[in-house]
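# Kindly return the folded structure for what I paste below:
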Amino acid sequence: MIDLKFLRENPEIVKQNIKNKFQEHKLPYVDEVIALDAQSRKAKQEADALRANRNVVSRQIGALMGQGKKEEALALKEQVQKDAGRLAELEAQEKELMEKVNKIMMAIPNIIDPSVPIGKDDSANVEIEKYGEPVIPDFEIPYHTEIMEKFNGIDLDSAGKVAGNGFYYLMGDIARLHSAVISYARDFMIDRGFTYCVPPFMIRSNVVTGVMSFEEMDAMMYKIEGEDLYLIGTSEHSMIGKFIDTIQEEEKLPFTLTSYSPCFRKEKGAHGIEERGVYRIHQFEKQEMIVVCKPEDSKIWYDRLWQNTVDLFRSLDIPVRTLECCSGDLADLKVKSCDVEAWSPRQKKYFEVGSCSNLGDAQARRLKIRVKGEGNSKYFAHTLNNTVAAPPRMLIAFLENNLNADGSVNIPAALQPYMGGKAKIE
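Residues are numbered from 1 along each chain as shown. Sure thing, here's the model as predicted:
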């Protein structure tokens, strides 16, 4: 959510930003907010005047009563009572207007960084850099579930009977590999100075609306029936929520956290849940990284976060590339975002395995995450998040890039301690 004062003073900048995100249907929101805000401030101004007058008149009444001028005092009391009725009307009006303003403001996209390429959808995303040499082996790479099935490592049929499409059972070496990747990702981030955390896997609605747009919420979140609780779609939701309604000491920043959680997503509006694959699913596990920092430091942390993911994948012999997300591919709260994509030898192309985002002060503004600076000044923090590793999507990249012609899979040296010393699974 952008600053209301900024919108009031720079309506054309906000409108151009909406156009850059190809959300022209939201253009009327800007003028609507300005009009409602003007009404709200007018009501507040009149209410403030009535409160100030009430204080003055109250002192006058006390003085008149002390002088024995009861009739004059009673006349003033009657005026105060009339003003009190008007004041109650104004306060209710002001509250109603501000609720309308906030609701509309929640739908207006955040101001994107000037470096973001302008484009309507992900087809306009721009490749930044490749890391590692993509290899196409001289043997055919099977579909990822076929590789897993050769190890008796996946059971989609039973999962379908138990929970439906979009779920799976992992077993044996494949399940162990899944856990090994998560454990390695955890330790990788701890070694880089991040504090490990296991957060709540359910959050309240005020946290949900604080960390994402209404569109994302509708497409992603599972609600617990009869309770004000939602299953998290990523641990970022819980981790940013950890700082809700707090004032942090500036010298304690940045907070650098890495969190593990299962993730639950409806995938509403997606291209469809693959019946035999595990690329787009309703439940998975993920290691995440989160930063809460000073505004001037967020660009530096943004580059550090995506680089962490690149380094982790390269340590496991997986070629990757980074892709700058264009304006139309950015969620409303994001200032800037890039995807990390892994090489798929089977498809002979890259596919997304992680996403790094700088949200500026949008989440902090919604959740009231403030920082106390010099002279007791207060400002909103900046928040960032990035995927460290998200099996089983990462498993797809791992298995394809480490598969041998005989069907065995090499285990890179970095991962071998988490696999009981195995250099290969067969």
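
# Show the residue spans covered by the helices in this protein.
4-9, 11-20, 27-66, 70-105, 144-150, 156-162, 172-191, 205-211, 214-220, 235-241, 298-315, 362-367, 393-401 (DSSP state H).

# What is the fourth one packed up against?
Under the contact criterion of 3 or more Cβ pairs under 8 Å, 6 or more residues apart in numbering; DSSP states H and E, the helices and strands touching helix 70-105 comprise helix 4-9, helix 27-66. Every residue, glycine included, has its C-beta placed from N, CA and C.

# got any ranges where the stretch 201-350 of the chain has weak pLDDT?
268-276 (pLDDT under 70).

# mind listing what residue 166 touches?
Going by Cβ atoms under 8 Å, 6 or more residues apart in numbering, residue 166 touches 267, 273, 280, 281, 282, 283.

# Ranking by neighbours, what's the top pick from these?
Counting neighbours by other Cβ atoms under 10 Å, residue 281 comes out on top of the contacts of residue 166 with 20 neighbours.

# Chain neighbours aside, what residue packs nearest to that one?
Once flanking residues are discounted, residue 281 sits nearest to residue 166: 4.8 Å by Cβ to Cβ, 6 or more residues apart in numbering.

# just the strands in the stretch 201-350 of the chain please.
Assigned by DSSP state E, counting those that start in this stretch, the stretch 201-350 of the chain shows strands spanning 202-203, 222-223, 230-231, 246-249, 255-264, 283-293, 320-324, 336-344, 349-358.

# ok, residues contacting the first one?
Around strand 202-203, the neighbours that count as contacts under Cβ under 8 Å, 6+ apart are 224, 229, 230, 231, 232, 237, 238, 241.

# can you rerun that using 10 Å?
Under the contact criterion Cβ atoms under 10 Å, 6 or more residues apart in numbering, strand 202-203 has outside partners 210-211, 221-222, 224, 227-233, 237-238, 240-241, 244, 264.

# One more: the third one?
Defining contact as Cβ under 10 Å, 6+ apart, one finds that strand 230-231 is touched by 201-205, 207-208, 217, 220-224, 237, 262-266, 282-283.

# For the residue nearest the centre of the chain, give me its contacts.
Nearest to the mean C-alpha position of the chain, by Cα atoms, centre = their mean, lies residue 211 at 5.1 Å. By Cβ under 10 Å, 6+ apart, the contact list for residue 211 reads 203, 217, 232-234, 236-241, 244, 333, 359, 362-363, 366-367, 383, 385.

# Can you select the buried ones among the residues you listed for me in ChimeraX?
Buried residues among the contacts of residue 211 (16 or more other Cβ atoms under 10 Å), as a ChimeraX selection:
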select :203,217,232,233,234,236,237,238,239,240,241,244,333,359,362,363,366,367,383,385
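
# how about stretch 403-422: buried residues?
Those would be 403, 409, 410, 411, 412, 415, 416, 418, 419, 422, for stretch 403-422 by 16+ other Cβ under 10 Å.

# and what of stretch 138-152?
Under 16+ other Cβ under 10 Å, the buried positions of stretch 138-152 are 141, 142, 144, 145, 147, 148, 149, 150, 151.

# Might one say that the last one is in contact with residue 403?
No. Counting by Cβ atoms under 10 Å, residue 151 does not reach residue 403; the two are 11.2 Å apart.

# which residues are common contacts for those two?
By Cβ under 10 Å, 6+ apart, the residues touching both residue 151 and residue 403 are residue 409.

# How many residues are close by residue 299?
Count around residue 299 with other Cβ under 10 Å applied: 17.

# With residue 374 instead?
Residue 374: 6 neighbours (other Cβ under 10 Å).
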